[in-house]
Every structure is written in C-alpha cells, then in structure tokens.
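Q: model the structure of this input:
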Amino acid sequence: MRSSRRALVPAFAALLIASAGFVVACGGSQPSTPAPAVDRRPVVAALRAEPRSFNRLAAPDRGSLVVSLLLNARLVELNHKTHEIEPALATKWSLAADGKTYTLDLRPGVTFSDGAPFTADDVVFTFAAVYDPKVDSPIASALTIGGKPIAVRKTGDHQVVLTFPTPYGPGLRILDSLPILPAHKLKDALAKGEFAKAWTTATPPAELAGLGPFVLTGYAAGDRLELARNPRYGARGPDVHPGVERLTLRIVPKQDAERVALEAGELDLLNSELRPDDLKAVRTLASAGKVKTYDLGPAIDAEMLWFNLRADQKKPAAARPWTDVRFRRAVLQAIDRQAFVDTVYLGAGTPVDGPITPGNKAWHASGLPQYPFDVAKAKALFAEVGVADTNGDGVLDVKGKPFAIELLTQRGHAGRERGSQVIAGQLKKAGLTVDVVALELPALVERINKGTYDAIYYGISSGDTDPSVNLDYWLSTGSFHVWNPAQAKPATPWEAEIDRLMQELTGLTDASARQARFAKVQEIFVTNLPAIFLAAPNLTTATSARVEGLEPGPLYPYLLWRADTMRLAQPH
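A: This is a model prediction of the structure:
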C-alpha cells in the first residue's frame, strides 16, 4: 500500500452522459412537461483494501479481484447464486469423447475498451502468460491439473480448443478465475519477461484495456478508484450492459466506517458482509426505505486459525510446539465454539467442525472427528507436548520458561479482531498466553508471504464451491496452502494423502464418487488440523435504495461479481 496519496490520473475515456433533462417540443409552442431529474451521481462501493495490481495474473488479493471483475471478462462465469457456469466470452462449448477436450466458440464482434478486436489470439496469449514460469502467477496452481497445464490452441479467429491433461470433474468452472487479457497490449512485456511488473497500480489508466463492463479513469492511492461504463462492453452480448455511468470504489479499511458511510448516504453498496453489531441499525434503515439488505445465508468461507508449519523457521523446534498435532487439538478443545458464535457473531452464526461450512451444501461432510470443548482435556494435551504449568501459577510454560504465542490478524476488520481476542481469552483460561497483534492488511500479507509468524486468524475466499477449483488451497504445492505453502513435495504423509485424493476426485466426473473422496479429505484435515475452523457467520450485505439489479450471492464479492446488471432505481 502506498504511504502517500497522489492526484487522480486523468481519465482516458469520455463519460457517457444519459440524455434527458429537457424535452424538445414538436410541431408547436406548447410547453412541454418537465422531465424528471436525472441522477448522475456515481455509484459508490466500499473496498476494504486497495488492489495490489491492475494485473490479476500478478496479484491474488481481494482488491485486485474486484477490480479485475470490473475491468476484465472471462470465457465463462460462475453464477454466484446458482453455482453453475454460464456463457460469457465463450457462447457455447462441446466436450469430446475423450472427456478432456473442449471446443469453445467465442463471441464475435467483441472489442476491448480501446477498440481493438477480441479474438482467439487473446485467449492463447492469456494462457501462455498465466503458465509462464517468469510470471510466477499466484493463480497458476489453480489452473494446473495433476501438475500439468491446460493446452490451448486456436482453430479459428473465434474458436479455441482446450485440452485438459486428464478428464476434469469441474469442467470449465476452472476458467472463472482467469480474466482474458489483451495480447496487443501485453505481449511485449511477456516476451521480455516483464509481465509480472506490467499494469501495476502506478500504470496510467490510459494504458489499460479490458473486456469488462467498466474502464478505470482515475486512481488515488489509499483513497479511491474512479471507473466509467465501458461503452464497448459486449462480453455477455449486445443487450447486457451496466445501467450506471460512473462507479467509485472507495477504500474503507474499517468496518465501522463502512456502516457510518452507508447510514450517511456516502456509500451505495458494500463489497463485504455487515458486522453483526450493525445489523439492527441497518435493518432499521431498511424499514425506512433508505437501504436494502440481502440475507445470503451461512458463509461459504469461514475465518480460520492456523499455525506456521513451514520448515524454514528460525525458531527452534522446542519453541514451536504447535507443530505437534496434539497441541493444535488442545487449542481447539480449549475454545467454546458456541460461546465464540455468541460473542463474535452475536449469535448470528453456526459452530463448524471442519473447513467446509453448511453453506456449501453440495460438499459439506458430516460425521467428522469431534473435539468438544473441554479445558481439562486441553491442558492434558498441552502437557503431553511439554507446555505445562510447572510452577503452579496457572500459566503454561515450557521447561519453566515463559511461553507465549503471537497471533496476527487484520486491523480494522471487526470480526477478525474480535475473533482473535475471543480466541486469546479462551486460551488464557487454559493457561496459554496469546498476544494478539492486529496489522494493516498489506503488512499482514507480507508476514504471511515471508512466513514470519507464529499463528494467524484470517480468512481466504474460495473461487468456487467445488473444491477441485480451489486446488491451490488443498494441494501441498499450492500457493494458498497457507500453513506450509508451495511445498516441493508433501511435508507429511497426511498431506500426501490429501494430494492423492484431491487429484483423484478432480479427475472424476461422477458426483457421488467425487463427494465420497472429498468427505475423506475433510476427515483427514480435521484429524490433523493444519487450520482450525470455529464458526460460520450468517452473511448479510446491503446497498442504498438507489441501486437495483444486482444479483447477490454468498461467494465473494457478494454484489459486484456481476456488475453489468447494476442500474439506478427510477424516481417515483
């Protein structure tokens, strides 16, 4: 994140202004009826953290994801409400008898925002970029099947053939994570080995070109991004386009500031969920017709507590007792999950047993190993790994020396800050000292990437409800395998077994066979607890009353995943 603010970069695309405001009389001098006032104010959306890059292939963060969804388009889209894929730049497709070769027909007549035509060459180029080792794209592992990339070839200006290494259960769902980028703008950077540095947040908007519903017109670091409707947008057909002319993404890192801005009419929509503390106030506003609320049900993505299991640590093994699974089980048994729900989510949530919440109905497994709340059992497990109260003062130590864990979380995210404090408070009752440190998001991400931490309470977004599309989390080689990412080979036998099962279910097309294997994955995960999941909140988000047409869904981002349906309410 930049420490200083710079002026907005000049717009490169003229804003289209809706006509109306006066009526020209025809055939006489009779006074015309005054037209209703036109609302030309931009729609203002909150963004928790600014993007790390305007190049989605180089940045995995949520800010970059939201910006990419607005500036770019994909071959197919995952519908966040139905969880099924739908046509976008690819209008139709067929699967060959080998079960792994797809022929995709591309939408003709589509142009990038700078007027350059979209063709199959852009698809081939984008795949080449994401798999280029010099790019080292953080989303490459999610597009790799069995360690191998998807082969792509052009068979016409508007047709491509994708050949998967093996039959692939989720099919084309995997493509929802891949924005199609312009070869004419970026091919030189790729050829020079500089693609990962292309389209940083310092890039003038005039140099960007996309296929998405909006274009970037200005950026003030740490403050806001200004966007305008893309007049050339056609990724989902000529009849689909945003009903708003201007969109502002306002950087609002703190959740309490989001709610205040929504109440004051300074925000039109949230990109994230409302805090439980704010539900009553916002629902009162909804009753008055000032805002609209959307109940999205149980979260698909729950926050998690994980310990640093990387081998490249400076701390000696004795100072890292959490590498023993008994320590992690003790932590879970020392936490009252229902009390956690009641305190952190004010009762608006559900205790969970594993990494897949009840919100993901197709993949949630029952009958997982249980670790009921039991402080005495937790203390006994801690003692088994050498963390015990040796002097009777009620505080656990290691061989008589003080022992404490530093727990990092995101500053300004009320749920994560409160959750971390509740975790620390409950572990204190078992004698374990936990020091909570809340960091601004860029600093937290840096610590995660460098592996310089003891434990973290945070959350990541699933790109899909289908676990095979989130292989970068499940596989030991994955960049989002957070407790020990990007392993050259599995560090433990249980991780190797998860790798095997995930690769098996990813290659199957029978739904029941896939679900059976993933239930086993969840069992192994909960047995070994590389990450501890405590509860799933119930998701509620909101917009101002002037915004209509959005299609809220429980996958992030809840509202702007399909921004081309957004429009302004007509005055009454």
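Q: and stretch 378-392, what's buried?
A: 378-379, 381-383, 385-388 (16 or more other C-beta atoms under 10 Å). For every residue, glycine as well, the C-beta is placed using N, CA and C.
Q: what two of those are the furthest from one another?
A: Ala378 and Gly386 (14.7 Å; C-beta to C-beta).
Q: and the closest residue to Pro351 other than its chain neighbours, how many residues sit next to it?
A: Closest residue in space to Pro351, ignoring its immediate chain neighbours: Arg337 at 3.8 Å, by C-beta to C-beta, 6 or more residues apart in numbering. Residues near Arg337, counting by other C-beta atoms under 10 Å, number 20.
Q: surely Arg337 touches Ile532?
A: No: using C-beta atoms under 8 Å, Arg337 makes no contact with Ile532, being 10.1 Å away.
Q: longest helix of this structure?
A: Longest helix in the chain by number of residues (criterion: DSSP state H): helix 511-528.
Q: which residues touch Ala388?
A: 379, 382, 396-397 (C-beta atoms under 8 Å, 6 or more residues apart in numbering).
Q: ok, what's across the strand from it?
A: Asp397 (DSSP bridges).
Q: okay, it and Pro321: tell me how far apart.
A: Distance of Ala388 to Pro321, given as C-beta to C-beta, to the nearest Å: 11 Å.
Q: overlap in contacts, those two.
A: Counting by C-beta under 8 Å, 6+ apart, nothing touches both Ala388 and Pro321.
Q: let me see the backbone angles for Val547.
A: phi -100, psi 130 (degrees, to the nearest 10).
Q: model confidence at it, what's the number?
A: In the prediction, the pLDDT value recorded for Val547 is 96.
Q: OK, contacts around the closest residue in space to it that isn't next to it in sequence?
A: Closest residue to Val547 apart from its sequence neighbours, by C-beta to C-beta, 6+ apart: Asp268 at 5.1 Å. With contact set as C-beta under 8 Å, 6+ apart, Asp268 has these partners: 43-45, 543-544, 546-547.
Q: also Lys197?
A: 58, 189.
Q: repeat for the one 5 residues further on
A: Under the criterion of C-beta under 8 Å, 6+ apart, the contact list for Ala202 is empty.
Q: against Ser53, how distant is it?
A: Counting by C-beta to C-beta, the gap from Ala202 to Ser53 is 10 Å.
Q: joint contacts of those two?
A: Counting by C-beta under 8 Å, 6+ apart, nothing touches both Ala202 and Ser53.
Q: list the beta-bridge partners for Tyr219.
A: Leu225.
Q: all strands of the stretch 451-572 of the chain, in order?
A: 455-458, 531-533, 535-544, 547-548, 567-568 (DSSP state E, counting those that start in this stretch).
Q: which elements pack onto the longest one?
A: For strand 535-544, the packing partners by 3 or more C-beta pairs under 8 Å, 6 or more residues apart in numbering; DSSP states H and E come out as helix 279-287, strand 291-298, helix 337-344, strand 349-351.
Q: show me where this protein has helices.
A: Counting by DSSP H, the helices of the chain are 62-71, 120-131, 183-191, 255-263, 279-287, 325-333, 337-344, 375-384, 414-429, 441-450, 471-474, 493-506, 511-528.
Q: looking at the ones you listed, which is closest to Thr166?
A: The nearest among those, by C-beta to C-beta, is helix 493-506 at 8.2 Å.
Q: and the angle for the closest one with helix 325-333?
A: If you take axes from the mean of the first three to the mean of the last three C-alpha atoms, to 10 degrees, helix 493-506 sits at 70 degrees to helix 325-333.
Q: report the central residue of this structure.
A: Ser461 (3.5 Å; C-alpha atoms, centre = their mean).
Q: how near is that one to Phe480?
A: 10 Å.
Q: how about Leu305?
A: Relative to Phe480, and taking C-beta to C-beta, Leu305 is found at 16 Å.
Q: what's the answer for Gly349, then?
A: Taken as C-beta to C-beta, the span from Gly349 to Phe480 is 24 Å.
Q: can you check His364 too?
A: 20 Å.
Q: now swap in Lys185 and tell me
A: 28 Å.
Q: quick one: contacts for Asp256?
A: By C-beta under 8 Å, 6+ apart, the neighbours of Asp256 are 275, 278, 414.
Q: tabulate those (TSV), appending pLDDT.
A: Below are the contacts of Asp256 laid out as TSV (pLDDT from 0 to 100):
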residue	pLDDT
Arg275	87
Asp278	91
Ala414	85
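Q: from those, which is closest to Leu262?
A: Asp278 (8.6 Å).
Q: all the strands of the stretch 101-250 of the chain, residue numbers only.
A: 101-106, 144-145, 148-149, 151-156, 159-163, 179-180, 214-220, 224-229, 246-251.
Q: what packs against the longest one?
A: To tie it back to what came earlier, the one meant is strand 214-220. helix 62-71, strand 224-229.
Q: kindly recompute the last result at 6 Å.
A: strand 224-229 (3 or more C-beta pairs under 6 Å, 6 or more residues apart in numbering; DSSP states H and E).
Q: next, the angle from the strand it packs on to strand 214-220.
A: 160 degrees.
Q: strand 224-229 - what's its average pLDDT?
A: 98.
Q: stretch 434-442 too?
A: 95.
Q: residues in contact with it?
A: With contacts defined as C-beta atoms under 6 Å, 6 or more residues apart in numbering, stretch 434-442 is touched by 1, 49, 404-411, 417, 420-421, 424, 427.
Q: apply the buried test to these and list what passes.
A: 1, 49, 405, 407-411, 417, 420-421, 424, 427.
Q: so which of those comes closest to Leu262?
A: For these, with Leu262 as the reference and C-beta to C-beta as the criterion, the closest is Ala49, at 18.1 Å.
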